[in-house]
Each structure stands twice: as C-alpha cells, then as structure tokens.
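Participant: curious how this folds, go ahead:
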Amino acid sequence: SMALMAIGAVLAVPLVAALAASLLMLQRLALRVPDRPLARQTRIVMWGLCPAYGLLTILSGAVVVIAPALPAALPRAFTAGGPWAIVLAVLGGLLGCAAGLGKLVFGIWWIVLMFRYRARLSRQATIARQLAAQPSSPSDAGL
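Facilitator: Below is the predicted model:
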C-alpha cells in the first residue's frame, strides 16, 4: 500500500501542473472572448485549487517518506505520544483538512465555471454563425 501511495504522490505532481496550465489557458480564452469577470474567477480557482492539490501531494509524499523511518529515527518517548508527536499529528491533520476543504470548495467552483464557459462560448458561436451568414460587402449581396 505504501508503494501505491508513493506512485500516486509522484504521478500527482505533473497532474497539478497540467491543471494549472489548463486553467491558465481557460483564463486566456475568457480574456479573448472578452469576459473579464470569468477570467478573474478562473484565476481565483487556479490559485485555490492548484495549491490544495499540491499540498495534498506534499502531505501524501511526506507520509510515504517519513512514516516508515519514524519509529527507528525518533526516541521511544517521542513516538509513544510525546508532545512533538501530538503537535505533528495535529498540524498534519489541520493541513490535510484545509487542503481537502480547499479541494472541495474550489472544485465545485471549477464545475460551475465550466458551465459558465459553455454558456459564454455557445453565445459567441451563435454570434459568429450570424455574422458568417451576413453578406460582408455589396458584391457578396449580388449588387
């Protein structure tokens, strides 16, 4: 199971980069439409969702690297529930919860943005079809 966690942590790094790149391209697309509020919201989602995924990747990588070495590296009092063990456990739990909550909130926001992009781009496609159907010069109209 630790091997699967290690593989997952390693494979998650390029996925976080791909997520950031796709959100950056969506933001640029929104600016070309132009829809500044949509671009701004995409930027906010990018700066919220990518760090949340990154933090969870770092935490899972830390668990894979540190957990097997912990009992041998630390004194028995530390691993048996000493004050530092409690602090580390609470800190790891809080960071994990914050990252999970960030993933949930920004993930839902991302889904809502996808529907907004679909609506906005559909409107732009309709406008483009209407413009393409219009004659562009008097010679095109048969005059």
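
Participant: give me the below-cutoff pLDDT ranges for this protein.
Facilitator: Filtered on pLDDT under 70, the chain yields the residue ranges 1, 67-86, 137-143.

Participant: all helices of it, in order?
Facilitator: Assigned by DSSP state H, the helices in the chain fall at 2-32, 36-73, 76-79, 83-133.

Participant: number of nearby residues for the nearest residue to Arg43 once chain neighbours are set aside?
Facilitator: Computed as CB to CB, 6 or more residues apart in numbering, the closest residue to Arg43 that is not its neighbour in sequence is Gln27, at 5.4 Å. C-beta coordinates here come from the backbone N, C-alpha and C atoms, glycine included. Gln27 sits with 18 neighbouring residues when counted by other CB atoms under 10 Å.

Participant: so Gln27 versus Arg123, what's the distance?
Facilitator: Here Gln27 is placed at a distance of 18 Å from Arg123 (CB to CB, to the nearest Å).
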